[in-house]
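Participant: What follows is a protein structure lacking sequence information:
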RNA sequence: GCGUCGGUCGGAUAGUGGCUAUUCCAGGAGACUGUAAAUCUCCGGCCUUCGGGCAUCGGUGGUUCGAGUCCACCCCGACGCA
């Protein structure tokens, strides 16, 4: 089964399509579940499949460090290794350039709390003349590995392992080589995800460098990817990544260059839209980029979404989304409902024997959520599991949240096919953000 | 009855004459967008014009410039001896 992307219906920039991969079909738009270390945290592959998820995204940096990409290769590839037979993707490690570098704030060393900058900036949070948070990275000067766990230069990035502090080096070629070993169906070019606080000059510098890395990623992939023995079709598809921060000129330039990039007549199989956004501008950025990218290839909006973002992204031409939020907030006790997020740790749920979501994402008004968790358990039980720190809490909450977000995108897809997108969007957002 | 040790936030603790009484847990709330996250942050005596002000370490006195800390007595608890 070779790769193909067939558009079934268009609505403005939005598209409904079928993305075929060697490990199965993805009906797009689709939400990609995040399984960074070859596991969707707290869920078995059977549970992931049972909530309707079609594809899993793992991470190159994390699998390279643990257990090592060669072990994944020797296990027979990521599908066999993690017992997920459906489509898979790997991110290139480009996000870790950011999350272990510029996002790593001053006064580090408090575990997760050391991270002080997100990739999404609130309105007005970006002073024009603000210096990069991580000067070492921006200037390319000698870096103190105590303050930053990554250092960028023209050829690649040096990382300090988050596990044991050892030093490692990623280049575009190395990232693709590792991704070939891991063996996901769709892989990404090695890029730099910049901080939203970086100034324009730095966004341009990083974008230009990402373009040079994209070309190297493409060249290495073309020359080294394994192919089907009979048809010579590549077994893995490579997505190029558009950067440019929140700047219209940079975004359009990046879409132009990445969209048209070829090595010996071979271009990217799809595209990622990456980097940092101003929350207010995100949908416009996606629209600018997608007006330029080739229409007949899939576009993945990297690291987005929250429920509202999915409508905005799809309207502006994105086909795939991945986001850690659904599973992360689930483990921390926050559940999606059609009436907004709830924190199951709140005292009022201790004795709530009703329904988590009285109007399920997949149902009609008044019909409760049909996921395994909601079908079988009360808020009071989940409250008990979280308060007593039982592992099942993370599992049941993750089942619900992934079910919610995956099926929200499926509902959006249906609404485009049924010509009811605007009504569905209006009704959903009114209820969710009331 | 005598003796010893102890009494600090809901629980457990640190604190042995000095400035804002420590930490953990439990409790209340918030955050989380290509996962260094089953994590992190904040709140927790009273009053406040939001600048701050006033309290507080079983009780009452005392010593001292200054007491959770030292002294006396009392209350309560554990243990030991009668």
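Facilitator: Looks like it came in fine. Predicted model, so just to flag it, every value in this text is computed and none were measured. Numbering: from 1, shown residues only, chains lettered A, B, ... in the order given.
Participant: CA atoms for contacts and neighbours, from now on please.
Facilitator: Fine.
Participant: Now do the contacts for the residue in chain A that RNA strand B sits nearest to.
Facilitator: Nearest residue of chain A to RNA strand B, counting by CA to the nearest atom of the strand: residue A:303, 2.6 Å away. When contacts are counted by CA atoms under 8 Å, 6 or more residues apart in numbering, residue A:303 touches A:274, A:321-324.
Participant: Could you list which of those also contact RNA strand B?
Facilitator: The subset of the contacts of residue A:303 within reach of RNA strand B, by CA under 7 Å from any atom of the strand, is A:274, A:322-324.
Participant: Which one of those residues sits in the busiest neighbourhood?
Facilitator: Neighbour tally across these (other CA atoms under 10 Å): the maximum, 25 neighbours, falls on residue A:274.
Participant: separation between it and residue A:322?
Facilitator: From residue A:274 over to residue A:322 the distance is 11 Å, taken as CA to CA, to the nearest Å.
Participant: Residues in contact with both of these two, list them for me.
Facilitator: Counting by CA under 8 Å, 6+ apart, the residues touching both residue A:274 and residue A:322 are A:301-303.
Participant: Measure how buried the residue nearest to residue A:434 when sequence neighbours are not counted is and give me the count.
Facilitator: Excluding the flanking residues, the one nearest residue A:434 by CA to CA, 6 or more residues apart in numbering is residue A:339, at 7.3 Å. Neighbour count for residue A:339, taken as other CA under 10 Å: 18.
Participant: next one: phi and psi at residue A:339?
Facilitator: phi -110, psi 30 (degrees, to the nearest 10).
Participant: will you turn the contacts of residue A:303 into CSV that also has distance to residue A:91?
Facilitator: Shown next, in CSV, are the contacts of residue A:303 (distance: CA to CA, whole Å):
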residue, distance to residue A:91
A:274, 11
A:321, 12
A:322, 10
A:323, 12
A:324, 13
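Participant: what would the residues you listed look like in TSV with pLDDT and secondary structure?
Facilitator: Shown next, in TSV, are these (pLDDT from 0 to 100; DSSP: H, G, I helix; E, B strand; the rest coil):
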residue	pLDDT	secondary structure
A:274	95	coil
A:321	98	strand
A:322	98	strand
A:323	98	coil
A:324	98	coil
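Participant: and of the residues you listed, the nearest to residue A:7?
Facilitator: Distance to residue A:7 across the contacts of residue A:303 (CA to CA) is lowest for residue A:321, with 17.1 Å.
Participant: from memory that closest one sits against residue A:307, does it?
Facilitator: No: contact criterion CA atoms under 8 Å: residue A:321 and residue A:307 do not qualify, at 11.0 Å.
Participant: Looking at these two, which is more packed in?
Facilitator: residue A:321 (28 against 20).
Participant: contacting residues for the more buried one?
Facilitator: Taking CA under 8 Å, 6+ apart, we find residue A:321 in contact with A:30-32, A:300-305, A:310.
Participant: Looking at strand pairing, list the partners for it.
Facilitator: Bridge pairing for residue A:321 (DSSP bridges) gives the partners residue A:31, residue A:301.
Participant: And it, how close does it get to residue A:100?
Facilitator: Separation of residue A:321 from residue A:100 (CA to CA) stands at 22 Å.
Participant: quick revisit: looking at pLDDT only, which of the contacts of residue A:321 scores worst?
Facilitator: Lowest pLDDT of the contacts of residue A:321: residue A:305, 91.
Participant: contacting residues for it?
Facilitator: A:321-323, A:325.
Participant: List phi and psi for it.
Facilitator: phi 170, psi 150.
Participant: what is residue A:7 paired to in the beta sheet?
Facilitator: Beta-bridge pairing for residue A:7 (DSSP bridges): residue A:17.
Participant: And the one 4 residues further on, by the same measure?
Facilitator: With DSSP bridges as the criterion, the beta-bridge partners of residue A:11 are residue A:14.
Participant: right, and it touches residue A:413 too?
Facilitator: No: taking CA under 8 Å as the definition, residue A:11 is not a contact partner of residue A:413, at 10.8 Å.
Participant: Please say which of the two ends up with more neighbours.
Facilitator: Taking other CA under 10 Å, residue A:11 and residue A:413 do not tie; residue A:413 has more neighbours (25 against 15).
Participant: So in chain A, where's the weakest helix or strand by average pLDDT?
Facilitator: Within chain A, no helix or strand scores below helix A:135-139, which has a mean of 38 by mean pLDDT, DSSP states H and E.
Participant: So what are the sheet partners of the next helix or strand after that one and their directions?
Facilitator: Toward the C-terminus, helix A:135-139 is succeeded by strand A:150-152 as the next helix or strand (DSSP states H and E). The pairing partners recorded for strand A:150-152 under DSSP bridges are strand A:157-160 (antiparallel).
Participant: What parts of the stretch 201-350 of chain A come near RNA strand B?
Facilitator: Residues of the stretch 201-350 of chain A lying near RNA strand B (CA under 7 Å from any atom of the strand): A:241, A:272, A:274-276, A:279, A:302-306, A:309, A:322-325, A:327-329, A:331-334, A:343, A:345-348.
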